[in-house]
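# Next come a sequence and a model predicted from it.
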Amino acid sequence: MAPEYRTSYKMYSAWNYGKEIEDLNEASEKGWQLVKGGSFHSRFEKNPDIQYRYQIDFGKIENMGLYIETFREQGWEYINSTFNGWHYFRKIYDPSLPEEAYEIFTDRESLHEMNNRWARLALIVGGIIGLFAVYNLIQMIRMPELPRLALLLTFAVESAVLIRGGLIMNDPDSGRIHRRDGALLSVFFAVVVIGLGSFLALSSTRPDLKTFQKAASSDVPAVDAEWNSFEVKYRDNYYIDLEMKSDEPLTVKIVDENGSEVWSMTAEECNEKNIRVNLPKGAYKLLFSHGRSGFDARFDLN
């Protein structure tokens, strides 16, 4: 008879690896033995004739052969390692032995050292992401816009979850199981996917208009001549960089599809950056008016 396999797609937070060990032991009692552990999915083989106790270690291993042999001498069979440094082991279960016989770390100091390895990584990464969140918060205060808000919320949630996990792992009693962390991890990944997806979608659909206009002196003044046109996909704050130089006042304006003016500036000379204008969804035209003298003007909208 061909072996029977199944795949589990349960996700576990790194600081809640005790819950994953508990689930692996329960699966073994039901006849499902782990053949490959993973960060996002694990594979099991049906074998009701044997039962294991599982343990998980974390860390970057320099000498994998020596590492596996050290555990083998203690009765632990190596299963596999994940790309991010988690290592799975199992030992045949003997109900006559106390549960302490199935602890991979025989002293509190070793357990705390393993926890600290992941905690340091989580706190460093969480701190770096937190700095990105602070940077985007400052930018949001200066130049509020929806794509940056999506990025800010994503970084803030990522940082908070990782720092929380690092603090839990730093706790000497972090072996306790946090049963609700499965839902928290699902929310974490959902926020990351939705947040980054929203940022990319919103950024890619913003108008990116960069245009230049130059005119020589003329006997006929221009009034509301069309310079360019653009479309806004969603209501938000947009930012104008305007540079112009003229011997007479030059007016630059944005009008909507009904011809109503939504923004304008008149000056002989200016070099303004990040002029905020709130635009609803719709089609817009960029118009200019000038006298008889020549001018140079550059208009950027994003």
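Happy to help now that I have it.

# pLDDT wise, what is residue 99 at?
Confidence at residue 99, expressed as pLDDT, is 82.

# hang on, I meant residue 44
Per-residue pLDDT puts residue 44 at 96.

# Give me the neighbour count for the spatially closest residue to it that is not a sequence neighbour.
Taking C-beta to C-beta, 6 or more residues apart in numbering, and ignoring the residues beside it in sequence, residue 44 has residue 32 as its nearest neighbour in space, at 4.1 Å. Backbone N, C-alpha and C define where each C-beta goes, glycine included. When counting by other C-beta atoms under 10 Å, one arrives at 21 neighbours for residue 32.

# what bridges to residue 32?
Assessed by DSSP bridges, residue 32 has beta-bridge partners residue 46.

# From residue 75, how far off is it?
Distance of residue 32 to residue 75, computed by C-beta to C-beta, to the nearest Å: 21 Å.

# go on, residue 65?
Between residue 65 and residue 75 the computed distance is 18 Å (C-beta to C-beta).

# so where is the stretch 51-200 of the chain shaky, pLDDT-wise?
Along the stretch 51-200 of the chain, the parts satisfying pLDDT under 70 run over 105-112, 114, 171-182.

# all helices of it, in order?
Per DSSP state H, counting those that start in this stretch, the stretch 51-200 of the chain carries helices over the ranges 64-73, 108-142, 146-170, 181-204.

# Of these, flag the one that's most buried.
Neighbour counts (mean count of other C-beta atoms under 10 Å) averaged over each of those peak at helix 146-170, with a mean of 20.

# Report all helices and strands that that one contacts.
helix 108-142, helix 181-204 (3 or more C-beta pairs under 8 Å, 6 or more residues apart in numbering; DSSP states H and E).

# residues of the biggest strand by length in the chain that come out buried?
Scanning the chain for the longest strand, with DSSP state E as the assignment, gives strand 236-256. Neighbour counts over strand 236-256 (16 or more other C-beta atoms under 10 Å) mark 236, 238, 240, 242, 244, 246, 250, 251, 252, 253, 254, 255 as buried.

# could you dump those residues to TSV with distance to residue 161 and pLDDT?
Listed next are the buried residues of strand 236-256 as TSV, based on distance: C-beta to C-beta, whole Å; pLDDT from 0 to 100:
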residue	distance to residue 161	pLDDT
236	28	97
238	32	97
240	37	97
242	42	95
244	48	91
246	54	88
250	52	91
251	51	92
252	46	94
253	47	95
254	42	97
255	46	97
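
# which of these lies closest to residue 289?
Closest approach to residue 289 among the buried residues of strand 236-256 (C-beta to C-beta): residue 251, at 4.3 Å.
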